[in-house]
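Peer 1: quick one, what's the 3D model for this:
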Amino acid sequence: MNTTTKPIKRIIPGDKIIFIVEDNEVYAKSLQSFITSHFPEIIEVKIFSIGEMCLMDINRNPGIVIMDYFLNSKFDEAHNGIEIIERIKLQKPLTNIIVLSNQTDSSIVLEAITQFGCTYVQKDQEAFNKIEQTLKMIFSRDSTPPGPWN
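Peer 2: Numbers count the residues shown, from 1 in each chain. Here you go, the predicted structure:
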C-alpha cells in the first residue's frame, strides 16, 4: 500500500478570477496590468467602476475581489465598499476580499477586517507591492492541505 499522499489543493470557486472594484479608471487599469504581468496564471482580471456592477457578475465566482471603499466619485448613489462587501459575503462567503483604499477611519478598516475577514491595503506608493504580497499569501494558503487550522 502506498503511504505517500499528495497535498490536497483546497478548491475555491473561481480562484483564478480576480475582480477589481475601483471607480478611478486609470488606477484600476494600472492595477489590472500589474496583476496580469505578475500573475500569469490568473485567467481573468475584471474591472468594475461600482460595486453594484460587480454584484451583477458575482455568479462568475471570483476567488478574490479587490475593493475600493469610496465608490461614489462618479455615481453619487453608489454603495460604499463595506455595503458591497457585506452583499458579496452573503452570496459568496469563501471569496477573499482585499480592501484597497485611502480610508483613514480606523473603525471602517476594523469592520472590514473583523466582521468580513478582509485584508486591508492602504492606497499609497507601495500599494501594488502590498497587493502582490497579499495575493501570494492567498494563493499559498489556498494550496495548503485542509486541516484544523483552516
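
Peer 1: could I have the CA atoms of the lowest-mean-pLDDT helix or strand in the chain written out in CSV?
Peer 2: Ranked by mean pLDDT, DSSP states H and E, the weakest helix or strand in the chain is helix 106-114, scoring a mean of 76. Provided in CSV are the C-alpha atoms of helix 106-114 (Å, rounded to 0.1, in the frame of the first residue of the first chain):
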residue,chain,number,x,y,z
SER,A,106,-10.0,53.1,11.7
SER,A,107,-13.5,51.9,12.6
ILE,A,108,-14.3,51.2,8.9
VAL,A,109,-10.9,49.4,8.5
LEU,A,110,-11.6,47.3,11.6
GLU,A,111,-15.1,46.5,10.4
ALA,A,112,-13.8,45.2,7.1
ILE,A,113,-11.1,43.1,8.8
THR,A,114,-13.1,41.7,11.8
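
Peer 1: so which elements touch the next helix or strand after that helix?
Peer 2: Later in the chain than helix 106-114, the nearest helix or strand by DSSP states H and E is strand 119-122. Judged by 3 or more CB pairs under 8 Å, 6 or more residues apart in numbering; DSSP states H and E, strand 119-122 is in contact with strand 96-101, helix 106-114, helix 127-142. The C-beta positions use only the backbone N, C-alpha and C, and glycine is treated the same way.

Peer 1: could you give the angle of the first one to helix 127-142?
Peer 2: The one in question is strand 96-101. 170 degrees (axes from the mean of the first three to the mean of the last three CA atoms, to 10 degrees).

Peer 1: relative orientation of strand 96-101 and helix 106-114 in degrees?
Peer 2: 160 degrees.
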